[in-house]
Every structure is written in C-alpha cells, then in structure tokens.
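Participant: need coordinates for the below:
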Amino acid sequence: MSVPRIILASSSAYRRAQLNNIGFDVPGISPDIDETPGEGELPRPLACRLSLQKAQAVARDYPDSIVIGSDQVATVTDPAGTQHILGKPGTLAKAIEQLRLCSGNSVRFITALSLVHLAEGQQQTAAEEVVVTFSSLSDAMIERYLLKEQPYDCAGSFKAEGAGVLLFERIESRDPNTLIGMPVMLLRDMLANWQLNLLDIILRH
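Facilitator: Numbers count the residues shown, from 1 in each chain. The predicted structure is shown next:
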C-alpha cells in the first residue's frame, strides 16, 4: 500500500535526531499550542493531551499527511511526599533545583505519542514510561555538570544522549529512546495499527 507523507509536529532537534538515527527522515513543523497544565491535571493525561493537541494543530494544515505529536512529562516525589512535575528548567538556578530533587531519587518520565490523519478521520494516542534512578549527586557535581552540558531546554535538566546518562544508577524501560522523547518502538506499534510497517518504510529509502 502507498504510505502517506509523515510529519513530526515538533521543533525538537532531539526528536528529529532520534528518528534520523534509525533512518527515518521526516520534516518537523512546530505546533502552536498552549502547553499550560490544567488545574489538578495528572502527568499521564497531560502528556497525552498535549501530544494530541500538537498533532492536531499541524494536521489542520496537512490533512493528507500522518502527523506525529509527542510530549514528555517527568515527575519526582520529594521526601515529604509531594509530587513535582519537572519541566524545561530554562535557567541554571532552576536546573540546580531540579537535579537536587532528582539526586538519589527515582524519576518517572511519561512520553506520549499521537498520530493524526485527518483525511482518513483517524487518530490514536498512547504512552510509554521510563523510570530513572539517579545516583546521589553533590551540589558541586550538579553545578559542574550543568555548566558543561547546559541542558536548560531538557525536562529534568540532563541530556540522556550525552554525559547526563552518567548521572543515573538505573534505567527501567522497554525502549531507552523513550527517555530522550521519541519512543520509536511505540511509534512502530502505532503505525502497525494502521497497517504501516515502520521498518519497511525506512528500508525503502
């Protein structure tokens, strides 16, 4: 069967790089949506809602294409039992605060994927989870790491594809790609729901 054009609804260089690394070169288009969490919105529903809204926003301009939306939410529970959502820190001070929370703790990363094909009236959303256990990190090590990699545009304040992986004791997931933001095994499974074989698409090009 013919394969519709596939578009990534994201401006993330990390997600595009992940797809490029498996030989899947797709254009990326930045969606214009409000990513503010709703009051009391839980992490998994939040990630799923935002991934779908991203895909829908781009699909309106490209109804004949399959549009991939993705969103990641990271959460950690502090010693007092309060759950924190870890967004992109933006600044060194915020990144230090995040890594202090993560130090010696387990952090849950939920990455949602949505596929939208408006011309066929089809859409689907699913999510993968990764649990990362961090080593105990001194304040000096945290600051030195952050000044080296400057991961201020990364939820959780680290780059798993870089030296950030050395901050971890353990990663629990069926697909390590999920941690960076693009669960390619889940993408394969979702495309298969529409009788599309991701490996076959890659090997044709």
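
Participant: next helix or strand past the longest helix seen in the chain?
Facilitator: In the chain, ranked by residue count with DSSP state H as the criterion, the top helix is helix 43-59. Going down the chain from helix 43-59, the next helix or strand is strand 66-77, by DSSP states H and E.

Participant: what are the buried residues along that following strand?
Facilitator: Taking 16 or more other C-beta atoms under 10 Å as the neighbour-count basis, strand 66-77 is seen to contain the buried residues 66-76. C-beta here means a position set from N, CA and C on the backbone, and glycine is covered the same way.

Participant: got it, and stretch 165-178?
Facilitator: 167-168, 173, 175-178.

Participant: state the distance from the most centrally placed residue in the chain to residue 17.
Facilitator: In the chain, the residue lying closest to the centroid (C-alpha atoms, centre = their mean) is residue 181, at 2.5 Å. Going from residue 181 to residue 17 by C-beta to C-beta, to the nearest Å gives 10 Å.

Participant: ditto for residue 155
Facilitator: For residue 155 relative to residue 17 (C-beta to C-beta), the value is 16 Å.

Participant: quick one: which of these two has more around it?
Facilitator: In this comparison of residue 155 against residue 17, neighbours counted by other C-beta atoms under 10 Å, the higher total goes to residue 155 at 21 against 13.

Participant: show me what contacts the more buried one?
Facilitator: Contact analysis of residue 155 by C-beta atoms under 8 Å, 6 or more residues apart in numbering lists 72-74, 86-88, 109.

Participant: try it again with 10 Å
Facilitator: Contacts were defined as C-beta atoms under 10 Å, 6 or more residues apart in numbering; by that measure residue 155 touches 71-75, 85-89, 98, 107, 109, 111, 181.

Participant: same question, residue 174
Facilitator: By C-beta under 10 Å, 6+ apart, the contact set of residue 174 is 128-130, 183, 185-186.

Participant: closest to residue 163 out of those residues?
Facilitator: When the contacts of residue 174 are compared for distance to residue 163, the smallest value, 18.2 Å, is given by residue 130; criterion: C-beta to C-beta.

Participant: which secondary structure element contains that closest one?
Facilitator: Per DSSP H and E: residue 130 is located in strand 122-134.

Participant: next, the buried residues of that strand.
Facilitator: So for strand 122-134, counting by 16+ other C-beta under 10 Å, buried means 123, 125-130, 132, 134.

Participant: residue ranges with poor pLDDT in the protein?
Facilitator: 1 (pLDDT under 70).

Participant: tell me where it has helices.
Facilitator: For the chain, the helices defined by DSSP H occupy 13-21, 43-59, 92-102, 139-149, 177-180, 184-193, 198-203.

Participant: most tightly surrounded among the ones you listed?
Facilitator: Using mean count of other C-beta atoms under 10 Å, the stretch among the helices of the chain with the largest mean neighbour count is helix 177-180, at a mean of 24.
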